[in-house]
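Engineer: Could you look at this predicted model? Sequence included:
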Amino acid sequence: MDPTDLARIQFATTSIYHFVFVPITIGLAFLVAVLHTKWYRSGKEDHKRLTRFFGHLLLINIAVGVVTGLVQEFQFGTNWSAYSRFVGDVFGAPLAMEGLAAFFLESTFVGLWVFGWNVLPRRVHLATIWLVAVGASLSAAFIMAANSWMQHPVGYTTNAQTGRPELSSIGDLFTNPVFVWGYIHVLLASLLTGAVLMLAVSAWQLRRRENSGLFRGSAKLAIIVLLPVSVLALGVGSHLGVVEAEYQPMKISAAEAQWETCQPCSFSLFQIRGGRNDETPTQLLEVPHLLSVLATGTWNGQVEGLNELQAADVQQYGEGNYVPNVFVQYWSMRVMAYLGSLLVLIGVWGAWLLYRRKLTQSRLFLAVATWAVLAPVLMNTAGWMLTENGRQPWLVQGLMKTADGVSTSVSTTELAISLAALVVVYLLLGIAYVFLMLRYARRGLELDHAEEEPGRDPRTPAITY
């Protein structure tokens, strides 16, 4: 492999790993804030214990997410220095906002929330967890704004002397249609992920028949969030496909393995073979007109084929292969869509059991809900791969190719060693993360030691959370 391939693999490894924790953190932060609000309004000690129970899971995700995110940022300067120089005058603004505003907001108030039990006034303490949720969402907004500019560059001018883009309109950056719909989609996917995690943990606890009353409440909250959010996520994702088809038609055509222009276009639910060198895969279970609807928003819309788009790009940008990895695009799209549809069905099932008052009695549903925790992780990963792989061979659509953004001073050996080291460290970190999540998710709602000590002044702050 050449340095570009190794640098891409390294960044893909850290990005995919980091993105596992981002939606969990955002979604679970809002749900913990809702639980905290419920405790604030009721004053019941059991609601406080439930809030702190899921708060432990939130803190584990925040800690691992911060560590993996920092590693990702360092790679811009080490492995992608040419890219960093090229986009620095555009990326500087949203990344500075993320670091100086959103990240510090989230990190500051998560500390106040952790150490504020029995110390801060209850109303102030409640506000801290809501600000944690807001800070996490703002972090995602600034990162998504920067990433969306790579997908569809807007609000910039090109410096005649340096040839580099410079930000000319911060308003255009945050009204970029790719950003607006992509950010909404990320928020919905995050709420869905947090709801599924809360439902899975609650279902596991309900199967043990311990604290069934409280965990039935958290399961109910998770289902109430899961059902509408999963439906909205599919709808917004579908519209995002229409938006991206306008600005990145190659990405959408590759996601459907559509080599020739068609009108109207059918959607293949499954295909055998297919890829960069296979333009005639065996398509199974085609749905008439569905691809036209997904890509254009119209019943008989035309979808340009990869061959026509490749010819147009060669004419505009010069010789080269502008078709992304079709196999990755095709199956990433379907893993994301199929798992999203599955979660809708689980939400409907759970809502029906809630309506029938049989949620805690359905052992099958509780078992399915427990294992469903894997679905949003795979779904989010597939969505991220669909977005980033579909932009290739571009780093910045139409402005800079991936091969031109890699650092020339980093050798193949250095990249290989650092990649191997990151894989080992992330593997160990992943093992620790799974161990901690399983330990705290299974331990139940024990009382804190401070609450068990008779005569202890509740106003005395605890040293540990």
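Structural biologist: Thanks, I have the structure now. Numbers count the residues shown, from 1 in each chain.

Engineer: How much space separates Leu31 from Ala219?
Structural biologist: Going from Leu31 to Ala219 by C-beta to C-beta, to the nearest Å gives 12 Å. All C-beta spots, glycine's among them, are computed from the backbone N, C-alpha and C.

Engineer: and for the two, which residues touch both?
Structural biologist: Taking C-beta atoms under 8 Å, 6 or more residues apart in numbering as the criterion, Leu31 and Ala219 both touch Met198.

Engineer: out of those two, which sits in the busier spot?
Structural biologist: More neighbours surround Ala219 than the other of Leu31 and Ala219, with 27 against 22 (other C-beta atoms under 10 Å).

Engineer: What strand or helix carries the more buried one?
Structural biologist: Secondary structure from DSSP states H and E places Ala219 in helix 212-247.

Engineer: by contact count, what packs against that helix?
Structural biologist: helix 3-42, helix 45-78, helix 177-208, helix 249-255, helix 290-296, helix 326-356 (3 or more C-beta pairs under 8 Å, 6 or more residues apart in numbering; DSSP states H and E).

Engineer: got CSV for these, with distance to Gly92 and mean pLDDT too?
Structural biologist: What follows is the helices and strands packed on helix 212-247, written out as CSV (distance: least, C-beta to C-beta, whole Å; pLDDT from 0 to 100):
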stretch, distance to Gly92, mean pLDDT
helix 3-42, 20, 94
helix 45-78, 11, 90
helix 177-208, 17, 95
helix 249-255, 26, 93
helix 290-296, 34, 89
helix 326-356, 31, 95
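
Engineer: highest average neighbour count across these?
Structural biologist: Sort these by mean neighbour count, taking mean count of other C-beta atoms under 10 Å, and helix 249-255 sits at the top with a mean of 26.

Engineer: Please compute how far that helix lies from its chain's middle.
Structural biologist: Distance of helix 249-255 from the chain centroid (C-alpha atoms, centre = their mean, to the nearest Å) equals 21 Å.

Engineer: what does stretch 232-245 give?
Structural biologist: So, by C-alpha atoms, centre = their mean, the centroid of stretch 232-245 is 15 Å from its chain's centroid.

Engineer: Can I get that stretch as CSV, trimmed to CA atoms?
Structural biologist: Only the C-alpha atoms of stretch 232-245 are listed here, as CSV (Å, rounded to 0.1, in the frame of the first residue of the first chain):
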residue,chain,number,x,y,z
LEU,A,232,-38.7,10.8,11.3
ALA,A,233,-35.1,9.5,10.8
LEU,A,234,-36.2,7.4,7.8
GLY,A,235,-38.1,10.4,6.3
VAL,A,236,-35.3,12.9,6.8
GLY,A,237,-32.7,10.4,5.5
SER,A,238,-34.8,9.9,2.4
HIS,A,239,-34.9,13.7,1.7
LEU,A,240,-31.2,14.0,2.4
GLY,A,241,-30.7,11.5,-0.4
VAL,A,242,-32.6,13.9,-2.7
VAL,A,243,-30.4,16.8,-1.6
GLU,A,244,-27.2,14.9,-2.1
ALA,A,245,-28.3,13.6,-5.5
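
Engineer: And it, what's buried?
Structural biologist: Leu232, Ala233, Leu234, Val236, Gly237, Leu240, Gly241, Val242, Val243, Glu244, Ala245 (16 or more other C-beta atoms under 10 Å).

Engineer: contacts for it?
Structural biologist: 151, 177-178, 181-182, 184-185, 188-189, 192, 251-252, 255, 293-297, 303, 336-337, 340-341, 344, 383, 390.

Engineer: What helix or strand is the nearest residue to Val134 once chain neighbours are set aside located in?
Structural biologist: Nearest in space to Val134, with sequence neighbours left out and distances taken as C-beta to C-beta, 6 or more residues apart in numbering, is Leu105 at 7.1 Å. In this assignment (DSSP H and E), Leu105 forms part of helix 104-115.

Engineer: Report the inter-axis angle for that helix versus helix 45-78.
Structural biologist: The directions of helix 104-115 and helix 45-78 differ by 150 degrees, with axes from the mean of the first three to the mean of the last three C-alpha atoms, to 10 degrees as the criterion.

Engineer: Low-confidence ranges, the stretch 101-250 of the chain, go.
Structural biologist: 210-211 (pLDDT under 70).

Engineer: how about a cut-off of 90?
Structural biologist: Within the stretch 101-250 of the chain, the segments meeting pLDDT under 90 span 101-104, 207-214.

Engineer: Quick check: closest non-adjacent residue to Thr158.
Structural biologist: Counting by C-beta to C-beta, 6+ apart, the residue nearest Thr158 is Pro165, at 5.6 Å.

Engineer: swap in Ile184?
Structural biologist: Ile184 sits nearest to Val236 (C-beta to C-beta, 6+ apart), 5.4 Å away.

Engineer: and the residue nearest to Arg122 when sequence neighbours are not counted, what does it touch?
Structural biologist: Counting by C-beta to C-beta, 6+ apart, Tyr40 is the residue found nearest to Arg122 once chain neighbours are left out, at 5.9 Å. Each residue near Tyr40 by C-beta under 8 Å, 6+ apart is listed here: Arg122, Arg123, Leu126.

Engineer: Out of those residues, who's the most crowded?
Structural biologist: Leu126 (19 neighbours).

Engineer: Is that residue in contact with His36, as I believe?
Structural biologist: Yes. Leu126 sits in contact with His36 when judged by C-beta atoms under 8 Å, with a separation of 5.7 Å.

Engineer: buried ones in stretch 357-367?
Structural biologist: Using 16+ other C-beta under 10 Å as the test for burial, stretch 357-367 gives Leu359, Thr360, Ser362, Phe365, Leu366.

Engineer: Tell me which two of the residues you listed sit farthest apart.
Structural biologist: For these, the maximum inter-member distance is 9.6 Å, found between Thr360 and Phe365 (C-beta to C-beta).
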